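In: Sequence first, then the predicted structure:
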Amino acid sequence: MPDARGKVAGMNRCIQHRGPDADGVWADQQVALGHQRLSIIDLSASANQPMVKDHLAIVYNGEVYNFPQLKQSLEKDGVVFKTHSDTEVVLELFRKYRQDSFSRLTGMFAFAVYDTAAKEIFLVRDYCGIKPLYYTVPGGSTLAFSSEIKALVSLPEAGKELNPDALVSSINYLWIYGNQSIFKDIRKVPPASYVHIKIRASLEITTKTYWQVPSCQQSCTEEEAVRRLRELLEQSVRRHLIADVPVGSFLSGGLDSSLICALAKQHNKDLSTFTISLGRKEKRVEQMGDDNYYARKVASLLGVRHTDIPVDPQAVEYLRKIVSVLDEPIGDPAAINTYLICQLARSRGIKVLLSGMGADELFGGYRRHYATLLSRQYTRMPVFAQSLFCSAARLLPVRIGSYGIRPARWAKRFCSFLGMSEEQAYLRSYSYYGRPQLSALFKNQFNDSIDKLYRAHREQYYRYSEYDAVNRMCGTDIAFFMEGLNLTYTDRASMAHAVEVRVPYIDKEVIEYAMLLPQAFKIRGRTSKYILKKAARAYLPQEIVYRPKASFGMPLRAWISTSLRELIDDALSESTLRKRGLFDPAMVRKIIADDRSGREDNAYRIYQLLTVELWMQQNT
C-alpha cells in the first residue's frame, strides 16, 4: 500500500509532538498503521511501534498499570516476551482473550489491534476516555483513525463539514458532549468501548461497550468507607508511578492534588511539583484563593521540589496557541495552566505528571452539586420570598471597578435555575445559556441540535434511576463533563509538550467504589467530598483538607477586561459576526456590554465566542 504508507507518514507528522522519541509506519496490502512514540516504559528501540508479532499488529497510546501482573500470568501459560513494554502485554493478552481482554486492563489507553489473518481491526478506548481516539469513514469504504483530529483532516478525502450539534454544545457547555466532534464526519470511539471493523468487500463496523459505571449502591459504616478508600487510593497512586522516566505532579495546594502528592511521595522521594502563580491584580478581579501560599506549604510539609510558574499577561498569545493545540473550540482557560506547567516540566526532563483531576466528579466536589441540592430547599420557600431574593440578586453588580464580587456572581447563577426540576437545574448550573437564550444566540438556526443536547443530558442523568441525587450528578459528570472537558483539554495541552498526565482518581477500582457510596458520604451539610476529606486526614493537615475550594484556571475575567479587549472588539465585531453568520450580533454586543459595565459576569461566554471565532479562522 504505497499510497497508504505516504498518507500515514503524513498523519504521523501532524502529531509528532505527541511522541517525538520514535516514529514508525507498517503496512500490508490492506492496512497501514503509524505511530509516534513517547517512551515511558522500556525505553529501548525494541518497544517501538507499530509492534508486529506473528499475525497481530498494534499501535498503542497510554499506559496499562497492571501489566506486570498480566505479563506474569501470560508467562505461566508459555508466552515468550521480546520486550519489557506494556505494549507487548496488551498485544499478547488480546491474542489469548480477544474482546474479553479489554476489561482486564487497568490504566489509560487507546489502541488499535489488527489481526492480519482474520482481517479484523479493533479500536479500543479506556474506561473513562482518558486517552483520545477519533475515527472517520470517508466515502464509506476507507477507515482512518488517530489520537487527534488534525491528523484526520490532513487527509484529502476527509470531510470538514461543521457539526451543528457539536457547535451548540461548545457554546452552551464550553466543550463537546458525547462521541461526536466539531466535524460532522469525525467521531470518537466511546469510553469503555471498542469499534470492531471487519475488512470484507465493504467495511463491517460495529461498536460495543465492555464496561460501565456500577448502577447500584451499598451501605457501609463511615469507618469502613474511609479505610477502603485509603487502600484504593494508595494502590492507585502506587501503580500510577510505574515509569522508567522521572515523574512529577501538579500541586495547587488544594485537597485533591495535595493528597495525590502526599501518597506519591511515600514511593517517590524525588518528586517535583508545579503550580501557576498569578499577580495581585488578577486575583482581585477573580477573587481567587492564594494557591501559591498553600502549594508552598504542602511542598514544604512533604519535602518535594516545588516550582511556581508566574503567568505574564500575554493572553492573546496564549489563546491563539491553545485554540490550535486543542483541535476543537473548547472554552476553558484552565487548558492554558496545563499547557504552561507541562512546558516547564518537560524542559526539566519530566515526561510524566500526576494530576488530582476526577475527585470532584467522583465525590461531589463542585459547587454546583451543593447548589443543586440547595435549590430544591429554596423551592419550599414562599414564592414571594424566592422572587424577592432573585430580584435583589439581579440588581447586584458582579464587579465594581477592578474588584470582583464573587457572592454576586454565585447568587445570579443560583437564581438562574431556581424552580427547575432536579435534572434541569443541574444542567443549567453548569451551562452558560438558558434554552431560549441559546436559540436566540444562534438566530433559531440550530433548534434541532439544541433539542438533542437537552435530550442527551436528560437521558444520561436518569440512566441510573436508582442513584440518589448526588450520584446522579456525579454519574453525569463522569460521562459528560469529565471526558468532554477536563480529560480532553488535559490530553491535548500536555501532549503538545510530549508530557503524559496521569489521573489516579480516575482509576477503574476507585470509580467503582466511589459510585457505590451514598450521597451522605459525599455531601454532608455544607461539606463536600466528605469521605475523601476524612480519608485525607491521615496524610495532610486540616488546614489543607478543609481549605475552601479554589478553581484551577487562568485570570479570565481580568484578561477579558484588559489584554483581550482589543481582540474581542475585532473578532466579535458586528461585521465579523454578520459575515460568519452563526450568532446574532446584537445579542453578542449586549453580552459584552453587560460584562464591561459590571452588571453581569459574562467572561466565559465572551471567551468561548472568541474561541469559536479564532477556531473558525484557523480551520475554515
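Out: That came through fine.
In: residues of the top helix by length along the chain that come out buried?
Out: For the chain, the helix with the greatest residue count under DSSP state H is helix 222-240. For helix 222-240, the neighbour count (16 or more other CB atoms under 10 Å) marks 225-226, 228-230, 232-240 as buried. No exception for glycine: its C-beta is placed from N, CA and C like everyone else's.
In: Can you tell me which of these is closest to G24?
Out: Minimum distance to G24 across the buried residues of helix 222-240 is 27.0 Å, recorded for H240 (CB to CB).
In: and that closest one, what does it touch?
Out: 65, 264, 354, 502-504, 507 (CB atoms under 8 Å, 6 or more residues apart in numbering).
In: Give me the subset of these lying in helices.
Out: Among those, the members that lie in helices (by DSSP H) are A264.
In: which one of the contacts of H240 is nearest V113?
Out: Once CB to CB is applied, the member of the contacts of H240 that ends up nearest V113 is Y65, at 19.3 Å.
In: Next, count neighbours for the closest one.
Out: Using other CB atoms under 10 Å, Y65 is surrounded by 25 other residues.
In: next one: the one 3 residues further on
Out: The local packing count at P68 equals 14, with neighbours defined by other CB under 10 Å.
In: what's the helix or strand for it?
Out: helix 67-76 (DSSP states H and E).
In: Return the set of buried residues in that helix.
Out: 67, 70-71, 74.
In: what about the helices in the stretch 351-500 of the chain?
Out: In the stretch 351-500 of the chain, the segments counted as helices under DSSP state H, counting those that start in this stretch are 359-363, 367-378, 383-395, 406-415, 422-430, 435-441, 447-461, 469-476, 488-495.
In: Show me what the first one is packed up against.
Out: What it means is helix 359-363. Where contact means 3 or more CB pairs under 8 Å, 6 or more residues apart in numbering; DSSP states H and E, helix 359-363 is packed against helix 255-265, helix 469-476, helix 508-514, helix 530-536.
In: Likewise for the fifth one?
Out: Applying 3+ CB pairs under 8 Å, 6+ apart, one finds that helix 422-430 makes contact with helix 367-378, helix 447-461, helix 469-476.
In: now do 10 Å
Out: helix 164-173, helix 367-378, helix 406-415, helix 435-441, helix 447-461, helix 469-476 (3 or more CB pairs under 10 Å, 6 or more residues apart in numbering; DSSP states H and E).
In: For I182, which of those helices is the nearest?
Out: With distances scored as CB to CB, the stretch of the helices and strands packed on helix 422-430 nearest to I182 is helix 164-173 (4.7 Å).
In: From the chain's centroid, how far away is the next helix-or-strand element following the closest one?
Out: With elements assigned by DSSP H and E, the helix or strand that comes after helix 164-173 is strand 186-188. Offset of strand 186-188 from its chain centre (CA atoms, centre = their mean, to the nearest Å): 16 Å.
In: so what are the domain limits for the chain?
Out: Using automatic domain parsing, the domain parsing of the chain gives 2-162+184-209, 222-364+470-545.
In: ok, back up a step: tell me what whichever helix or strand comes after the longest helix of the chain is packed against?
Out: Next helix or strand after helix 222-240 toward the C-terminus (DSSP H and E): strand 247-250. On a contact count with 3+ CB pairs under 10 Å, 6+ apart, strand 247-250 meets helix 255-265, strand 272-277, strand 305-310, helix 334-347, strand 352-354, strand 500-502.
In: Adjacent strands (with direction) for strand 247-250?
Out: Here strand 247-250 is paired, per DSSP bridges, with strand 272-277 (parallel), strand 352-354 (parallel).
In: For the first one, the averaged confidence score.
Out: When the per-residue pLDDT values of strand 272-277 are averaged, the result is 91.
In: Flag every buried residue along stretch 391-402.
Out: 393, 398-399.
In: Show me what counts as buried in the helix or strand just after the helix holding P68.
Out: Under the assignment DSSP H and E, the closest C-terminal helix or strand after helix 67-76 is helix 86-97. Across helix 86-97, burial judged by 16+ other CB under 10 Å covers 86-95.
In: about what we covered before: what is the mean pLDDT for the helix holding P68?
Out: Per-residue scores along helix 67-76 average to 97.
In: For it, give me every contacting residue.
Out: Outside helix 67-76, the residues that touch it by CB atoms under 10 Å, 6 or more residues apart in numbering are 41, 64, 79-81, 84-90, 92-93, 95-96, 101, 104-107, 239, 242.
In: on that earlier part again, with distance to I592 as added columns, please give the domains of the chain in a markdown table.
Out: Putting the domains of the chain into a markdown table (distance: least, CB to CB, whole Å) gives the following:
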| stretch | distance to I592 |
| --- | --- |
| domain 2-162+184-209 | 24 |
| domain 222-364+470-545 | 15 |
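In: Out of those domains, which one sits most buried?
Out: domain 222-364+470-545 (a mean of 21; mean count of other CB atoms under 10 Å).
In: from the chain's centre, how far out does stretch 440-452 sit?
Out: In terms of CA atoms, centre = their mean, the centre of stretch 440-452 is set 25 Å apart from its chain centre.
In: so where's the protein uncertain?
Out: Residue ranges of the chain with pLDDT under 70: 1-2, 279-290, 313, 551-553.
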